[in-house]
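J.: Sequence plus predicted model, see below.
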Amino acid sequence: MARPITILVVDDEPPIRRLLRTSLTAQGYAVLEAESGAAALEAAERDEPDLLILDLGLPDMSGLEVIRALRGTQNLPIIVLSVREDERGKVEALDLGADDYVTKPFGVDELVARIRTALRHRFQAQGERPAFHCGDLAVDLVRRTVRRGETEVRLSPKEYDLLAELVANAGKVLTHRHILGKVWGPAHTQDAQYLRVFIRSLRHKLEPDPARPQIILTEPGVGYRLKEGQ
Amino acid sequence: MSNAERDDRPSPDALLEAAEQEGRGKLKIFLGAAPGVGKTYEMMLAAQARKREGADVVIGVVETHGRRETEALLAGLEVVPRRRVEYKGRTLEEMDIDAILKRRPRLVLVDELAHSNAPGSRHPKRYLDVEELLAAGIDVFSTLNIQHVESLNDVVAQITRIRVRETVPDSILDRADDIEVVDLSPEDLIQRLREGKVYVPHQAERAVRHYFKPGNLTALRELALRRTAQRVDEQMLSYMRQHAIRGPWAAGERVLVCVSEDPSCAALIRYAKRLADRLHAPWIALYVETQRYHRMSERERDRIADGLRLAEKLGAEAITIPGGRIAEDIVSYCEPNNIAHIVIGKSERSRWFEMVHGSVVHDLVRRAGNISVHVIAGEGEGTIPPKTVQTRQTNEAFEPLPYLATTGIVAAALGIGMLLKQFMDVRSIALVFLSGVLFSAIRFGLLPSLYACLASVLAYNFFFLPPLYTFTISDPENVVALFFFLIVAVIASNLAGRTRNQVLTARARARTTEELFAFSRKLAGIGTLDDLLWATVYQMASMLKVRIVLLLPTGSRLAVRAGYPPEDELDDADLAAAQWTWEHNRAAGRGADTLPGARRLFLPLRTGRAPVGVLGVDRDEPGPLLTPDGRRLLDALADQAAVAIERITLVEDIDRARVTAETERLRAALLTSISHDLRTPLASIIGSLTSLRSYGKSYDEATRESLMATIQAEAERLNRFIGNLLDMTRLESGAVELKPEPADLGDIVGTALQHAGRLLADHRVEVDIAADVPPLRVDYLLLEQTLFNLLDNAAKYSPPGTLIAIAARRDGGNAIITVTDEGPGIPPDAMERVFDKFYRVHAQDRQRAGTGLGLAICRGFVAAQGGTITAANRRDRSGAVFTIRLPASVAEAPIREVAEHG
């Protein structure tokens, strides 16, 4: 690839931009910066970055408006920077089409992992991720099998659909609303209790210690995330 | 007796009184007739006894006057140091009430109840200090000499020719839970004086000559004993009422005076007062309100109200009871109230009247049983002071409408009579007219119905009695018939008219009562002063059809606080009248004796304790403002409002004091906490960073790694602290938005453990969630944060390598979550305080105490979800247990099946 992968960082705080520029450049990414929503939209149009890191609190417009404007024309992955108390903002950003979020203050390792996941999902065609491995768990979406070590795990059809959706988006956060819509259909996007019951039974079947989940992780107030596969 | 059932129930007043006593400290007074009888000594003896029983006893202030026996008794009792007060160059020592309140003993000894505090103290009088101690739930022993009792002050001055200025109100004696008379015969007391046990010798000799004369001492001793007996009597009465025992009981006598509209009533009341004084008995003024009350003139009603007021002023309890047979009602009131004497006026009525109507006095004497009945002759009119405020006469104007309608009714009767004439006897037609008369009596009252009688008689004669169409009557039989028709019609219309009046009065009274009741209920529900004042003026203005302003004192001046209509303003004359009313506690302004030039009438608004404000009344029409009924209604409304205003101002005062103290404490704690908790991690971070930048190259890999680990850990700690501050701020500003949803406890615990991962790295963690934990409806994030804080706390206070256990189980309808550690546990005295903001238990060997916010947030978050959190120590070994109790959601439907097919 002639051009390195380009990341547009949108944040009004210079120290944060400096931190991201240093860390991401060191990882081999090219970094562009914007300090306002308007500048971000302009840069996204002109420089065609491969990924956007977007702070939700911008001086001129809300980060949510930036997402809304971009999603009209572009399909680049967006990772949102947010604060702890703003669960509603996170869900709204994800529902508008952001790919993932990182809560401030964050570790650079965590952010880099999110960037990789988002880029991988974007560059990969739909349904082209037939297998998932994590510890002794192996899921094969082509053969529709789930194994822990040598033993096959028996799942009900809905449990399997749920797992398949998580596997297809491994490493990415999925909102309750998104999962419900995909697995149970658009009429059930509010029925969070379905999801809770099935997540619990999946954990009992898949997790080594269901009381301390390591594979299917809860993102409080937002949704679930399947651990990145190995 | 017909109402025996009712009387067997405990009286609500008595139960209320008992309830009010709960939570207060108990007051015991050691009462003596004179100085030197040994009150302080007795008090110390009693205190030592309580101390031996294990009570926490301290000395607030005790004057031993150098008496050795008393001083010996101080041994072993903690003394709260006195406060020094500088006053006019002298140093005075006063009891330190704040120190005692802070020390919170079970029992405090406070000598000399009647003592006046040095100027600049919190309360001018020591008994007020004692009140505050009692209110705080601390028991008090105190001493008092009989000459200091307010009501006996005059009597004592008469006996001893010495007036003492330091007095205590009788109410404190009445409220004392226990009074012990320290009694010493006069001879023994004088002996003690001579032996120098009371005063130093040369003082003693003078004292014996003047004050301590045997005659004086005997009188004082009698006073002390009798005052105590009276108190004991009240206690017994209260006990009898609480346990619904019927009287009268031999001990203690009460006097009852029957109030009537008779002008000589005032003399009767004064007689009762003298009788009660002679017997040293409490007394009651009773009015039995019968049907007759509604037929009385306003003058008579005023006389009754004035009579009751006069009795109240002279110290009686004024009571009105509804009734039918006066004598019976009086006796049935007397029995449960331990009345031994009834005072009633001698009837001025003729023998003939008494034969027909019966005599209340004769009835009463016959029924009274062992109660003495005093029948007193009247002294003539004019002895009750007339009211100071003129009231408006209600003169009803002539209204033509009822007469027109009545004419119509008679015409209709005539028409019906004409029709019936064909089939009926002429004399029966008289009944048609009679119906008309009755109808107009019921509909329009007495006068129109008498008019109907007359018209009917004329019409009947003219149209039906031969010779027709003349007013002459030929048949003598018809003359008789017409005559009786007239009599029947007049009597019937009289009766019907009177019934109508009674119905109207009863209806009006019922409406007034209902409105008063609604008003009092409304007042009880109001929490702010402005709402209360507004409700009051609106209610008065709308019920009485007048303009109302309400003034409350701000500083020493009165200011208008509410008015209806609201735009009213007061001119200078009005303000002067209002101020006069406030200062003299009497009516002033329009229609009153004082400052009648003012536009409004001002009435004092007061409770039993103190005046609270002034009420201004005004109406657009000239002349006196209120009807007598209106005046009585206004009094009732004003009384209710005054009590409510007092309640709210008291509550506000207390709240203000509490909030100020709490804010002060928090501000101090917040400053300490922020300076410490923000700076400590910053110091580590900056230190490590500068170290790395300056010498990083010379460090080996492990050192660099260790410094960087410190930076990361400390930065995370700082982040948690800021998170806690934010959570606390959200809790306190009420900005916590609850998003309750059905939640899986296992998931929440798992997430909390995941977040706390690094903090728990040095500990073992066990999770045990029982299968039968009921479904919960909670806010996921709040509960997760709570568990995180508890885990953080457990990790902080227990040594590395020990076990931290999270368990959940069902307990009836609740879910119980416990977090248990193996640390040193919580010091018992800190058990409740650990949930206080900025409180931290200081572990000696570990310096990293928490932020002092984590557990306060836990309590706030759990309470917001309707649950409770408690702290305890483990019984099996050392360690703390935090227990969260959350109500299970009832609405969680079984959904597994639905979902499978969904």
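T.: Okay, I see it.
J.: what's the closest non-adjacent residue to the residue of chain A found nearest chain B?
T.: Proximity of chain A to chain B (C-beta to the nearest C-beta) peaks at A:Ala211, 4.0 Å away. Where C-beta positions appear, they are placed from N, C-alpha and C, glycine not excepted. Once flanking residues are discounted, A:Ala211 sits nearest to B:Val767: 4.0 Å by C-beta to C-beta, 6 or more residues apart in numbering or on different chains.
J.: Surely the one you found is in a strand?
T.: Yes - per DSSP: H, G, I helix; E, B strand; the rest coil, B:Val767 lies within a strand segment.
J.: which residues does the residue of chain A closest to chain B contact?
T.: B:746, B:749-750, B:753, B:767, B:769 (C-beta atoms under 8 Å, 6 or more residues apart in numbering or on different chains).
J.: again with B:Ala559
T.: B:551-553.
J.: mean confidence for the helix or strand where it lies?
T.: Assigned by DSSP states H and E, B:Ala559 belongs to strand B:557-564. Mean pLDDT, computed over strand B:557-564, is 83.
J.: List the strands paired with that strand, with their directions.
T.: strand B:547-554 (antiparallel) (DSSP bridges).
J.: Name the residues of the partner strand that are buried.
T.: Residues of strand B:547-554 classed as buried: B:547-552 (neighbour count, 16 or more other C-beta atoms under 10 Å in any protein chain shown).
J.: And the pLDDT at the residue nearest to A:Ala211?
T.: If you check B:Val767, the pLDDT there is 91.
J.: try the one 3 residues further on
T.: At B:Ala770 the predicted local distance difference test score is 88.
J.: Ok, B:Asn337 next?
T.: Looking at B:Asn337, its pLDDT stands at 76.
J.: what number of residues lie near it?
T.: Close neighbours of B:Asn337, defined as other C-beta atoms under 10 Å in any protein chain shown, add up to 21.
J.: how far away is it from B:Ala888?
T.: If you measure B:Asn337 against B:Ala888 using C-beta to C-beta, to the nearest Å, the figure is 53 Å.
J.: just B:Thr143 next, same as before
T.: 58 Å.
J.: These two - which one has more neighbours?
T.: When B:Thr143 and B:Ala888 are compared for neighbours, B:Thr143 comes out ahead with 26 against 16, by other C-beta under 10 Å.
J.: can you give me phi and psi for that one?
T.: Reported as degrees, to the nearest 10, the phi and psi values for B:Thr143 are phi -120, psi 150.
J.: Now it. Nearest residue, chain neighbours left out?
T.: B:Lys39 (3.9 Å).
J.: which ones are touching the one you found?
T.: Residues near B:Lys39 by C-beta under 8 Å, 6+ apart: B:30-32, B:143-145, B:182.
J.: got JSON lines for these, with pLDDT and secondary structure too?
T.: Formatted as JSON lines, the contacts of B:Lys39 follow (pLDDT from 0 to 100; DSSP: H, G, I helix; E, B strand; the rest coil):
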{"residue": "B:Phe30", "pLDDT": "90", "secondary structure": "strand"}
{"residue": "B:Leu31", "pLDDT": "87", "secondary structure": "strand"}
{"residue": "B:Gly32", "pLDDT": "86", "secondary structure": "strand"}
{"residue": "B:Thr143", "pLDDT": "92", "secondary structure": "strand"}
{"residue": "B:Leu144", "pLDDT": "90", "secondary structure": "strand"}
{"residue": "B:Asn145", "pLDDT": "86", "secondary structure": "strand"}
{"residue": "B:Val182", "pLDDT": "83", "secondary structure": "strand"}
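J.: returning to that earlier point: how far does the strand holding B:Ala559 sit from the chain's center?
T.: Strand B:557-564 sits 25 Å away from the centroid of its parent chain (C-alpha atoms, centre = their mean, to the nearest Å).
J.: Could you do stretch B:135-146 as well?
T.: Stretch B:135-146 sits 22 Å away from the centroid of its parent chain (C-alpha atoms, centre = their mean).
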